[in-house]
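**Q** sequence first, then the predicted structure:
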Amino acid sequence: MIDKATKAAQGVFTWLDSRLHIAELWEHTAGHHIPKKSASWFYVFGSLTLLCLVIQLITGTLLAFAYVPSGAEAYTTLQYLTFEQPLGWILRGIHYWGSNFMVAIMLIHMTQVYLFGAYKYPRELTWVSGVLLLVITLGLAFTGQVMRFDEDAYWGIGIGAAIAGRSPGIGEQVVQLMLGGPIIGAETLSRFFSLHVFILPGSILAVIALHLRLVLSKGINEYPEPGVLVNRETYDAHYANILKKDGMPFAPYGIWKDLVAGGIVLMAIVVCALVLGPKGPFGPPDPTQIDANPRPDFYFMWIFAIAALMPDYMETVALLIGPPIGIALLIILPFINNTGEKHWSRRPVALLAVVSLVLSLGLLTWYGITSPWSPDMTGWRSAITPKQFLEHRSPLELQGAIVIQQKQCRNCHAIDGIGSQRGPDLAAVGTRLTAPQLTRQVIQGGGNMPAYGKNLTPYEIDAVVAYMVSLRPNGVPPARDSTLPAVPPSTRQAEKNQASAEGQHGKEG
Ligand code: HEC
């Protein structure tokens, strides 16, 4: 009976194998031979990164069932996923922590590969495809933050766009392409969504295929020994020899360490998701929330810290040129340092590079988390408004003074020197800008001022503009658009012309 069953099973297998070549496939993949010593705990991080990716693909696909990538609804669906959908919050938690673990483990994997000299001949392309995987993963991480479409996400894209906008010559076009328009809106989310769920996952799968193909065809790095040098002429024979003398199939002999480590990582991710939960969503995206305390996820914290700590004149260089140079260096590394010693104990420069990189990134990350430079934004609470800026004002203008208070404009703007100095003093702004210009500035922002557009009612805009038009020294007329015909100021016709010419909110002060 049992004999018959095994025979039948064998028959089925033979039938399948003669078509699918399963045995051969196994021999070339899971069953490929590795050096015995390479089945070490140091060598598990590659598989762990892959495991994280698989977790991300599964949880991401499940999240996409409920997520609506529309500017108006993303935030609501996120709330739904977090608070109403059964188990939705765990799914979000696993996806969030999975991404953190993936980036962290990938960095460990790269460090290990670097310290063990695995990028040297003949594994240059394995390393280069790995660098590409790093870039794509960081792209996934960044676009993933945007999917939350909460206030953190909003500020995250804002900072990303501000960095991209510094590209000389093409800055504006790059920002336009990135945001799908001049401001962060519905188009922006659509773009980031298609990057996050189609383009980048597609690319990562393609590059992983290449990476694994290279790992299999060039073999996994032998465990380096001090004094054993890589030589292009002799290495291939040397490696074949190691495999012959001391090789074993990866599965089942080497794979169990990867499986154990994988189990631990999976558990760690689930525990983090259960105990700490997903990140956000924080408040809905609201550019007027300047006291939002936006924080990138940890892997971008160091950029955040650099941007905050660096003197202005160095920012563009550091943010725009630094990362591409870093990536370029990583890519050319295996071509300039291709042979010789592999063991880290004989490569003091490599060791020093890793230690200093880890220390500086770690320190910057720590600074980013604690952000000791965070300004105390209290201008709007403590700055007084001197009485000449309130006397003889119409009710509408007085309402405008209240809008300035409520919307915390004075965290950036002083009035007659009182208040914060991040934007221009507003004491005489009525002599510099016309009502339509003031309206535009408030609605669209610009030059480091947030766009208040949808966050003020038309009435509030009328009021705040009327108030600002009235902000000018005694007897000085309001600003006038010089492209319109001059009319004696006494008739105040100019202002009316201008208002009707430019439309909206052009009421005189
Ligand atoms: C985050 C800081 C910040 C906040 C908050 C802010 N502004 Fe500004 N604002 C600026 C900066 C910076 C500029 C200069 C823009 C430029 O140089 O193009 C500016 C420019 C202006 C100008 C043009 C002034 C001029 O002389 O050119 C007006 C008017 C103005 N802001 C009004 C407001 C009002 C009203 C609010 C509140 C509803 C507000 N701002 C909130 C930073 C801010």
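**A** Perfect, I can see it now.
**Q** which elements pack onto the helix or strand hosting residue 206?
**A** Following DSSP states H and E, one finds residue 206 within helix 200-218. If contacts are counted by 3 or more C-beta pairs under 8 Å, 6 or more residues apart in numbering; DSSP states H and E, helix 200-218 sits against helix 45-66, helix 124-147. The C-beta positions use only the backbone N, C-alpha and C, and glycine is treated the same way.
**Q** so which bits of the stretch 351-500 of the chain are right by the ligand?
**A** Residues of the stretch 351-500 of the chain lying close to the ligand by C-beta under 6 Å from any ligand atom are 404, 407, 409, 411-413, 422-424, 429, 432-433, 438, 441-442, 446-450, 452, 464, 468.
**Q** quick one: buried ones out of those?
**A** Buried members of those, counted by 16 or more other C-beta atoms under 10 Å: 404, 407, 409, 411-413, 423, 429, 433, 438, 441-442, 449-450, 452, 464, 468.
**Q** returning to what we had before: what does the helix holding residue 206 contact?
**A** 28-29, 32, 46, 50, 53, 57, 60, 122-123, 125-126, 129-130, 132-133, 136-137, 139-140, 143 (C-beta atoms under 8 Å, 6 or more residues apart in numbering).
**Q** what angle sits between it and helix 45-66?
**A** Helix 200-218 and helix 45-66 are oriented at 160 degrees to each other (axes from the mean of the first three to the mean of the last three C-alpha atoms, to 10 degrees).
**Q** tell me the spacing between the residue nearest to the spatial centre of the chain and residue 303.
**A** In the chain, the C-alpha nearest the mean C-alpha coordinate belongs to residue 142, at 2.4 Å (C-alpha atoms, centre = their mean). Distance, residue 142 to residue 303, using C-beta to C-beta, to the nearest Å: 10 Å.
**Q** sorry, back to before: let's see which of the residues of the stretch 351-500 of the chain next to the ligand end up in helices.
**A** 404, 429, 432, 438, 441-442, 464, 468 (DSSP state H).
**Q** that older thread, mean neighbour count, the helices and strands packed on helix 200-218: which tops it?
**A** helix 124-147 (a mean of 21; mean count of other C-beta atoms under 10 Å).
**Q** relative orientation of the helix or strand following it and helix 124-147 in degrees?
**A** For helix 124-147, the following helix or strand on the C-terminal side (DSSP H and E) is helix 151-164. For helix 151-164 against helix 124-147, the angle between stretch directions is 130 degrees (the same axes, to 10 degrees).
**Q** which parts of the protein sit against the ligand?
**A** 290, 404, 407, 409, 411-413, 422-424, 429, 432-433, 438, 441-442, 446-450, 452, 464, 468.
**Q** mind listing what's buried in the longest helix along the chain?
**A** Secondary structure of the chain per DSSP H: the longest helix is helix 88-115. Within helix 88-115, the residues that qualify as buried are 88-89, 91-107, 109-110, 112-115, counting by 16+ other C-beta under 10 Å.
**Q** got it, and stretch 317-333?
**A** Quick answer for stretch 317-333 (16+ other C-beta under 10 Å): 318-320, 330, 333.
**Q** which among these gets closest to residue 238?
**A** Closest approach to residue 238 among the buried residues of stretch 317-333 (C-beta to C-beta): residue 333, at 22.0 Å.
**Q** what sits against the nearest residue to that closest one once chain neighbours are set aside?
**A** Setting aside the residues directly before and after it, residue 333 is nearest to residue 119 in space (C-beta to C-beta, 6 or more residues apart in numbering), at 6.3 Å. Listed by C-beta under 8 Å, 6+ apart, the contact set of residue 119 reads 113, 126-127, 333-334, 337.
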